[in-house]
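>>> please work out how this folds:
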Amino acid sequence: MVKYVLGLLLLSCSVFAQTTLLDDISLLDTHRNAQLLNGADSGSYQNQSFMIRSTSALQQLVSVPHKESSILQNVTLRHTIHYNDVMPLGYNQGTLYPAVGFQRRSSLGVHLSWKFLDINLQPEWVIAENSPPPVFVGNPQDGNYITRIFFIINNQIDYYSRFGEEPLKTFFPGQSRIAFQVKNIATGISTENNWWGAGYKNSLMMTNEAAGFVHYFLQTRKPVLTPIGTFEGKGLIGMLENPSMYSPEDKYFRPLWAGGIENKNNSVRMLKAFIVNWQPKWVPNLFVGYSVARQTYFTNVEPQPGKEFIANPKMDLGAFLFRVALPKDHAEIYAEFGQPDKLVGPASFFGDSTKTGFIIGGRKLFPLNKRNKSFIQFDIEFAQLQLMDPALVIRATAGEPNRYSWYTSTQVRQGYTQNAKMLGASIGPGSNSQTINLSWHKGNNLIRLHAERLARNNDFYLYQYYATGYTNRYWVNLMLGAEAQVELGRHLLLGGSVFQTSVNNYMWVRLEDGSGWSDSSSKSDYTNLQWQVSLKYSLHGSR
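As a prediction, the model looks like this:
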């Protein structure tokens, strides 16, 4: 069977790709499925929520007992090649850029553990061609269109589709950390990505969409047993970076009206966040969680003429989450509900549901043999960040529209981002997505078919087109593709993915070409061909 998987992989490498299969957060899925398969080794995961994921979480699960290992836990070598032919697309790819053309990421990791000290050095190097995407010509029917994009989006968030116009060469600390471990508690400094929540494609609070940022952390190493159940938790204080270059839309708007562009406070931002998960003693396999995040500037700017001065600007987000594992049925369901402008509590959550964002999903495994060595997996996930009450978008206050979209802020105007990429759900503000996967698995080998519909920032669409009759101008990406992963021996993993994305009404603009009202327009619709190949070599110190 592996020969067929490898054949499909090599064939797919010549076409197009979507996600990074071999990052550590994705590799945790093997252990999550082992929990649901209810096999002989499932007891090792019975208290694991899999709602706090990172490189350190994976290494904790796979580490060799200290008495049998050397100081050197493992050495890993990774290399990824990624290509877009037309549009700068990519989701949950950490240090990779949204860029057209080829880009490469290389990483060498060394994991050391000695007594109370735990060190993982795993820097990443990224080289990207960063070729030009299609030129955005604006909206011929609205001379103020670029102004509206800045007023509703760009002035409230740094969410870039391209980073400059030159080739990129960047060094990142990557999934690195220095930690001190005392029994079941670890603390230290890290730049690794954190994923908070049970979602596969999206999560409200923390994902690996952006590169990791420098942060101090305190966390549990494994579930803590108490009289009322088990607990997991992680807290962090981090430093968020701002982009050193203008947004791609700046070159269109600045020559027209530079005064309409907010002068953002570019001091370093501090992020304080935590998540805690509880598995009640009386309800096995139920995990409930609560996560919050607050960011502020280190320094505030002086008042500017004509600009409102906000003392101690801050931005808050919060979410409730749960996951129900059903090992006997080889299935699970999960959900996450949050609000974009407050640390949610029961009163605010149920009293102001019009701004609630959510992620809901589940998976079902169908074992193909009695030993559960191979299985078919079906999973589905829905994410909604569009505001549920359109009046919150179109209603004006003092002549200007309200601005309530997820991850945007009128106080911390970089929004909920790290260096102009999302800290939360990769789909971004005001967006909705529906994802379906069907896959075959055997150990670390898999073949996956993927389909997704992504509606980009419907909040902006409603502001621009509400009650105009232009219901054929939603910006919608339709994605179809396949992914494969092959284990070649005990140390080598090879992964590849192919994807085709139909981009409809790019930037919420439809340019008529004489086609039908609901047909594709050759002037404003695009088709992107994308492929990716990843390799991971891992050598454990005990070997």
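>>> mind listing the helices for the protein?
Listed from the start of the chain, the chain has helices (DSSP state H) covering 2-12, 24-27, 29-37, 55-62, 145-149, 250-257, 346-351, 391-394, 458-465.
>>> and the angle for the third one with helix 55-62?
Which is helix 29-37. Computed by axes from the mean of the first three to the mean of the last three Cα atoms, to 10 degrees, the angle separating helix 29-37 from helix 55-62 equals 50 degrees.
>>> pLDDT of helix 29-37, averaged?
In this model, helix 29-37 has a mean pLDDT of 93.
>>> can you check the longest one too?
Model confidence over helix 2-12 averages 39 on the pLDDT scale.
>>> does residue 285 touch residue 322 like I think?
No - using Cβ atoms under 8 Å, residue 285 and residue 322 do not qualify as a contacting pair, with a distance of 11.1 Å. (Each C-beta comes from the backbone N, C-alpha and C, glycine too.)
>>> show me where the stretch 1-150 of the chain dips below the pLDDT cut-off.
1-21, 40-42, 64-69 (pLDDT under 70).
>>> dump the residue contacts of the nearest residue to residue 465 once chain neighbours are set aside.
Spatial nearest neighbour of residue 465, chain neighbours left out: residue 473 (5.8 Å); criterion: Cβ to Cβ, 6 or more residues apart in numbering. For residue 473, the contacting residues are 461, 465, 505, 508-510, taking Cβ atoms under 8 Å, 6 or more residues apart in numbering as the criterion.
>>> take those and lay them out in TSV including distance to residue 238 and neighbour count.
As requested, the contacts of residue 473 are exported to TSV (distance: Cβ to Cβ, whole Å; neighbours: other Cβ atoms under 10 Å):
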residue	distance to residue 238	neighbour count
461	33	22
465	38	16
505	36	21
508	33	22
509	37	20
510	41	22
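>>> from residue 194, how far out is the residue lying closest to residue 61 once chain neighbours are set aside?
The shortest distance from residue 61 to any residue that is not its chain neighbour, by Cβ to Cβ, 6+ apart, is 5.5 Å, and that residue is residue 31. Spatial separation of residue 31 from residue 194 under the definition Cβ to Cβ, to the nearest Å is 17 Å.
>>> ditto for residue 380
Residue 380 sits 24 Å away from residue 194, going by Cβ to Cβ.
>>> who has more neighbours, the two?
Summary of the neighbour comparison: residue 380 and residue 194, criterion other Cβ atoms under 10 Å, with residue 194 having more neighbours (28 against 15).
>>> next, count neighbours for the nearest residue to the more buried one once chain neighbours are set aside.
The spatial neighbour of residue 194 that comes closest, neighbours along the chain excluded (Cβ to Cβ, 6+ apart), is residue 206 at 4.6 Å. The local packing count at residue 206 equals 24, with neighbours defined by other Cβ under 10 Å.
>>> what's the answer for residue 143, then?
10.
>>> can you check residue 514 too?
Taking other Cβ under 10 Å as the neighbour definition, residue 514 ends up with a count of 8.
>>> just read off the phi/psi values of it.
Phi and psi for residue 514, reported as degrees, to the nearest 10, are phi 90, psi 0.
>>> what about stretch 193-207, start to end distance?
Using Cα to Cα, to the nearest Å, the span of stretch 193-207 from its first residue to its last is 7 Å.
>>> what about the residue nearest to residue 61, neighbour count?
When neighbours are counted by other Cβ under 10 Å, residue 31 registers 18.
>>> what's the residue nearest to residue 465 sitting at in phi/psi?
Taking degrees, to the nearest 10, you get phi -120, psi 20 for the backbone angles of residue 473.
>>> next, count neighbours for residue 538.
Under the neighbour criterion other Cβ under 10 Å, residue 538 is assigned a count of 17.
>>> which residue packs closest to it, ignoring adjacent ones?
Distance criterion Cβ to Cβ, 6+ apart; nearest residue to residue 538, sequence neighbours excluded, is residue 76 at 4.7 Å.
>>> ok, the closest residue in space to residue 407 that isn't next to it in sequence to residue 365 distance?
Beyond its immediate neighbours in the sequence, the residue positioned closest to residue 407 (Cβ to Cβ, 6+ apart) is residue 416, lying 4.0 Å away. With distances defined as Cβ to Cβ, the gap from residue 416 to residue 365 amounts to 34 Å.
>>> quick one: which of these two has more around it?
Taking residue 416 and residue 365 together and counting by other Cβ under 10 Å, residue 416 has the greater number of neighbours (29 against 23).
>>> wait, isn't that one in contact with residue 405?
No - using Cβ under 8 Å as the test, residue 416 is too far from residue 405 to be in contact (10.6 Å).
>>> could you dump the helices of the chain to CSV with distance to residue 449?
Putting the helices of the chain into CSV (distance: least, Cβ to Cβ, whole Å) gives the following:
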stretch, distance to residue 449
helix 2-12, 11
helix 24-27, 16
helix 29-37, 16
helix 55-62, 25
helix 145-149, 35
helix 250-257, 38
helix 346-351, 36
helix 391-394, 35
helix 458-465, 27
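>>> which among those is found nearest to residue 494?
Using Cβ to Cβ as the criterion, the shortest distance between residue 494 and the helices of the chain is 6.7 Å, found for helix 2-12.
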